[in-house]
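Student: 3D model of this:
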Amino acid sequence: MDRGKPGSTMHLLSDRSGLPVVAGVSSGNTHDSESLKPLVTELHMRRSPRHGRHINSGKLHADKAYDRDDLRRWLRGKRIAVRIARTGVESGQR
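Tutor: Numbers count the residues shown, from 1 in each chain. Model (predicted):
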């Protein structure tokens, strides 16, 4: 947590082509990982405008900020495959 950081942070979930699907804003002093659950929940509540079905998210790619065991378990419970860079093991460039 960055206690002294003023302002706000934008969080985006995008599809595989890079187009934003869900956006969220949080205060600048909260950790990025705290915003993942609300964004994924919002994504699962949305319906495809074309077909009327719920949007199915198959795989999530994220950086090291989201490397928490509880988030990985929660995503697996939602049947979402995860590809999160591990802290101290992988670089964030992949």
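Student: Do a quick rundown of the helices in this protein.
Tutor: Along the chain, the stretches classed as helices by DSSP state H are 36-45, 69-77.
Student: Deepest-packed of these, please.
Tutor: helix 36-45 (a mean of 15; mean count of other CB atoms under 10 Å). The C-beta positions use only the backbone N, C-alpha and C, and glycine is treated the same way.
Student: ok so, going back, distance to Asp63 and mean pLDDT added to the helices of the chain, as CSV?
Tutor: Listed next are these as CSV, based on distance: least, CB to CB, whole Å; pLDDT from 0 to 100:
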stretch, distance to Asp63, mean pLDDT
helix 36-45, 11, 81
helix 69-77, 12, 89
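Student: helices and strands of the chain: which one has the lowest mean pLDDT?
Tutor: Across the helices and strands of the chain, mean confidence by mean pLDDT, DSSP states H and E is lowest for helix 36-45: a mean of 81.
Student: show me the contacts for the residue most central in space within the chain.
Tutor: For the chain, the residue nearest the mean C-alpha position is Leu36 (4.1 Å; CA atoms, centre = their mean). Going by CB atoms under 8 Å, 6 or more residues apart in numbering, Leu36 touches 11, 62, 66, 71.
Student: which of those are buried?
Tutor: Under a neighbour-count criterion of 16 or more other CB atoms under 10 Å, the subset of the contacts of Leu36 counted as buried comprises 62, 66, 71.
Student: Per-residue pLDDT of the nearest residue to the first one once chain neighbours are set aside, please?
Tutor: Take Ala62 and drop its neighbours on the chain: the residue closest to it by CB to CB, 6 or more residues apart in numbering is Ile84, 4.7 Å away. On pLDDT, Ile84 comes in at 81.
Student: do the same with Arg50
Tutor: 66.
Student: Next: Ser57.
Tutor: pLDDT, Ser57: 67.
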